[in-house]
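Q: Mind looking at a prediction? Sequence and model below.
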Amino acid sequence: MTRSFVSAVVLSAFMIVSCFSASAQSIIEVTGSATINVVPDRITVEIGMEEYFIPDENNPGDSVLVGIKAVERAVMKTLLGAGVPDSMINVSDMGNYRDRRSTSEFLMAKRLSAVVTNIGQLDNIARRVDRKGITSFNISKIDNSDMGRYNRQGLKSALDAAREKAEFIAANEGLVIVKLVEIVENSSGYNEGSMFSNVAYGVGSGMDGMRRIVRRYSVTVKYQFSDKKSR
């Protein structure tokens, strides 16, 4: 089961007092926040592939083209061997390029995307994939298949932090919370994963950040409160 932990972060708060002539009740406004760290179980990697030339063993001085289909087969073999199901692999973006060092003709290129379930699987692919014909190996997205539940968990923690803060301020002033008046969510998108878009992947270098999806939640909440003696 995916592990996560939530840490509530107490931010600055201020009190807005607006007295009502009839009830002597006032409003307190506080901000609560929380940070949630989730282990990704969906990591999308994009692999760029291109045709290339190798020396012709039968004709010294000449070269032989390794076609895009051969390059693709080698990459697919590595992915399937690492346990990536065929349904999680997509090949697209057929194009061409020109390498004037070897030929005046256009060579073919493709881009492949695959979804892996953990960093260990990704490490395995990066170590085993043949570098020949590979022009890029990038992380385009990290996600968790149960992110909706984690978002609710993070939002609840932010709301709990706001209420705890309001209760502390009210108690310190000899007041009591009467009811909740308004909730404004300050973090609508939650997403902290976009920083990994198009990040070149290197085994063992800078991967600590890839092992967690960090999302932050913030809410501003208004409560109505009153003097204990007036209750």
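A: Yes, it's here.
Q: Just to be sure, Arg215 is in a helix?
A: No: under DSSP: H, G, I helix; E, B strand; the rest coil, Arg215 sits outside any helix and is assigned strand.
Q: I'd say it and Ser33 touch.
A: No: Arg215 lies out of contact with Ser33 (Cβ atoms under 8 Å); the separation is 11.2 Å. The C-beta positions use only the backbone N, C-alpha and C, and glycine is treated the same way.
Q: list residues touching both of those two?
A: When contacts are counted by Cβ atoms under 8 Å, 6 or more residues apart in numbering, Arg215 and Ser33 have no shared neighbour.
Q: Point out where the protein drops to low pLDDT.
A: Scanning the chain for pLDDT under 70 picks out the ranges 1-25, 93, 95-104, 187-210, 228-231.
Q: And the helices in it, which stretches?
A: 68-81, 119-128, 147-172 (DSSP state H).
Q: Tabulate these (CSV), appending distance to Gln224.
A: Output for the helices of the chain, formatted as CSV (distance: least, Cβ to Cβ, whole Å):
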stretch, distance to Gln224
helix 68-81, 58
helix 119-128, 48
helix 147-172, 10
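Q: who wins for proximity to Arg42 among these?
A: Distance to Arg42, taken as Cβ to Cβ, is lowest for helix 147-172 among the helices of the chain, at 9.2 Å.
Q: Tell me the buried residues in stretch 80-97?
A: Residues of stretch 80-97 classed as buried by neighbour count (16 or more other Cβ atoms under 10 Å): 82, 84, 89, 91.
Q: same thing with stretch 53-70?
A: So stretch 53-70, judged by 16+ other Cβ under 10 Å, has buried residues 65-66, 68.
Q: residues touching the spatially closest residue to Val184 that is not a sequence neighbour, list them.
A: Spatial nearest neighbour of Val184, excluding adjacent residues (Cβ to Cβ, 6 or more residues apart in numbering): Thr220 at 4.5 Å. By Cβ under 8 Å, 6+ apart, the residues touching Thr220 are 29-31, 162, 183-184, 186.
Q: Among those residues, which lie within strands?
A: 29-31, 183-184 (DSSP state E).
Q: The closest residue to Ile213 other than its chain neighbours and Val116, how far apart?
A: Closest residue to Ile213 apart from its sequence neighbours, by Cβ to Cβ, 6+ apart: Val38 at 4.5 Å. Using Cβ to Cβ, to the nearest Å, Val38 is found at 16 Å from Val116.
Q: Also Ile68?
A: Counting by Cβ to Cβ - Ile68 and Val116 are separated by 23 Å.
Q: who does the residue nearest to Val184 bridge with?
A: As for beta bridges, Thr220 partners with Thr31, Val184 under DSSP bridges.
Q: Tell me how many other residues crowd the closest residue to Glu51 other than its chain neighbours.
A: In space, and not counting its chain neighbours, Glu51 is closest to Leu107: 4.2 Å by Cβ to Cβ, 6+ apart. Other residues near Leu107 come to 19 when the count uses other Cβ atoms under 10 Å.
Q: for Asp160, same thing?
A: Using other Cβ under 10 Å: Asp160 sits among 14 other residues.
Q: That one contacts Val30, doesn't it?
A: No: with contact defined as Cβ under 8 Å, Asp160 does not reach Val30; the gap is 11.8 Å.
Q: That's all I had, so thanks and see you.
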